[in-house]
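> make a model of this:
(one chain, ligands or ions: 1)
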Amino acid sequence: MKPKVFIARPIPRDVEDYIAKHCEYRIWNKKETIPADMLLEKTKNVEGLLAINPPVTPEFLRQAPQLKVISNTAVGYDSFDLEAMRKYQVLGTHTPYVLDETVADLAFSLILATARRLPELNNYVKQGKWTKETQASELFGTDVHHATLGIVGMGRIGEKIARRAVFGFEMNVLYNSNTPKPELEEKYGMKYSNLNLLLERSDFVLLILPLTPSTRHLIGKEQLKRMKPNAILINCARGAVVDESALIEALQQGEIRGAGLDVFEQEPVDRENPLLRMENVVALPHIGSATEETRHAMVMKAAENLVAGVTGKIPDNVVKELKDLV
Ligand code: GLV
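Numbers count the residues shown, from 1 in each chain. Okay, here's the model as predicted:
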């Protein structure tokens, strides 16, 4: 008998065919996110779950006693309660590697878009404001090339961003991470820095680190005050790494030059959020990995992890905190 799994989101046909070969499955094929109570109901009698950022709580796991693996179609897994997963012996998997270059491209898009004010000036042209009276200085941005980029988080994606910065834009790169990475320093000529110095010295501060209890609100009032008045904050990590009300205040007070945000504390972002009314904020709907090619690769990888987890094999991408369960 094939193991039973639940797929909590629509997936491409070929990925569904792959799962069908190995598992008996049900699928949530609606556009809207599956409601939490429905997810619980559908997961009660299955061995595997494929979902996007499912809210995995102790209560959820208690009610799904047959679960062996939860396969997340994302690299971040802050929606997993890791302690509870360990207690209930449920493996968690994610989709690293396949999205690194794509997210690094998006990070650079945000750097360029904020520095050169692309969305704002795109609107300026389309709204017919570009006239003979336009003063050149109204359109000025700030340079990216040769500026100092401070990367907070030096994992796989951080490295790809550093490579673009150093070899593409000849930037001076500082980085902060849990542990210094001498081999990367050598490769890219970048320097490890403590967070305070990185904030004080960078023209662009870019966040690309996981959300954990210790990184929640890592960037708050005090950290924003340390940044140069001309600096730009880029967040490609998780919204809650930044204290959003402190960021709103810093931007309102002109303490920093601007922000490029792919992520928000609440997603989808509230349309009344003051950040959305600021010209110097570029706001995106959490699209770091959102290209056709990469999203397909991610969901296929998630399917492979799911199938491995329910067929007695070791999934390729068990999250590091639960690796010892396999
Ligand atoms: C996207 O944010 C991801 O974690 O893959």
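> what ranges does the stretch 101-250 of the chain have for its strands?
148-152, 172-176, 191-192, 204-207, 232-235 (DSSP state E, counting those that start in this stretch).
> these: which one's closest to the ligand?
Closest to the ligand of those, according to C-beta to the nearest ligand atom: strand 232-235, at 11.1 Å. The C-beta positions use only the backbone N, C-alpha and C, and glycine is treated the same way.
> need the residues of the stretch 151-300 of the chain near the ligand, please.
G288, S289 (C-beta under 6 Å from any ligand atom).
> which residues does the closest residue to V56 other than its chain neighbours contact?
Nearest residue to V56, sequence neighbours excluded (C-beta to C-beta, 6 or more residues apart in numbering): F80, at 4.9 Å. Neighbouring residues of F80 by C-beta atoms under 8 Å, 6 or more residues apart in numbering: V56, I70, N72, G92, V319.
> just the pLDDT at F80, thanks.
Looking at F80, its pLDDT is 98.
> also G128?
Predicted confidence (pLDDT) for G128: 98.
> count of neighbours near it?
7 (other C-beta atoms under 10 Å).
> for K30, see how far away it is.
Using C-beta to C-beta, to the nearest Å, G128 is found at 41 Å from K30.
> turn the strands of the stretch 101-250 of the chain into CSV, including mean neighbour count.
Output for those, formatted as CSV (neighbours: other C-beta atoms under 10 Å):
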stretch, mean neighbour count
strand 148-152, 26
strand 172-176, 23
strand 191-192, 16
strand 204-207, 27
strand 232-235, 27
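> okay, those strands in a markdown table with distance to R9 and mean pLDDT next?
What follows is the strands of the stretch 101-250 of the chain, written out as a markdown table (distance: least, C-beta to C-beta, whole Å; pLDDT from 0 to 100):
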| stretch | distance to R9 | mean pLDDT |
| --- | --- | --- |
| strand 148-152 | 30 | 99 |
| strand 172-176 | 34 | 98 |
| strand 191-192 | 39 | 98 |
| strand 204-207 | 26 | 99 |
| strand 232-235 | 25 | 99 |
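> so which of those strands gets nearest V241?
strand 204-207 (5.4 Å; C-beta to C-beta).
> what's the closest one in contact with?
For strand 204-207, contacts defined as C-beta under 8 Å, 6+ apart pick out 107, 111, 115, 144, 147-153, 161, 198-199, 218-219, 227, 231-237, 241-242.
> got it, and stretch 250-267?
Under C-beta under 8 Å, 6+ apart, the answer for stretch 250-267 is 106, 110-111, 113-114, 142, 221, 224-225, 227-240, 242, 244, 247, 273-275, 278, 280-288.
> now, of the residues you listed, which are buried?
Neighbour counting by 16 or more other C-beta atoms under 10 Å classes 106, 110-111, 113-114, 142, 224, 227-228, 231-240, 242, 244, 247, 273, 275, 278, 280-284, 286, 288 among these as buried.
> pull the number of nearby residues for the residue nearest to P274 when sequence neighbours are not counted.
The shortest distance from P274 to any residue other than its chain neighbours is 5.1 Å, reached at I248 (C-beta to C-beta, 6+ apart). By other C-beta under 10 Å, 16 other residues sit near I248.
> I248 and the ligand, how far apart?
Distance, I248 to the ligand, by C-beta to the nearest ligand atom, to the nearest Å: 22 Å.
> for L40, find the nearest of the strands of the stretch 101-250 of the chain.
That would be strand 232-235 among these, by C-beta to C-beta, at 31.2 Å.
> packing partners of that closest one?
Where contact means 3 or more C-beta pairs under 8 Å, 6 or more residues apart in numbering; DSSP states H and E, strand 232-235 is packed against helix 100-115, strand 204-207, strand 258-261.
> test my guess that I232 contacts A115.
Yes. With contact defined as C-beta atoms under 8 Å, I232 reaches A115; the gap is 6.4 Å.
> any shared contact partners between the two?
T142, F204.
> show the pLDDT at H22.
For H22, pLDDT reads 98.
> please name the residues that touch A20.
Contacts of A20 by C-beta under 8 Å, 6+ apart: none found.
> got the residues of the stretch 1-150 of the chain near the ligand?
Residues of the stretch 1-150 of the chain lying near the ligand (C-beta under 6 Å from any ligand atom): A74, V75, G76, L99.
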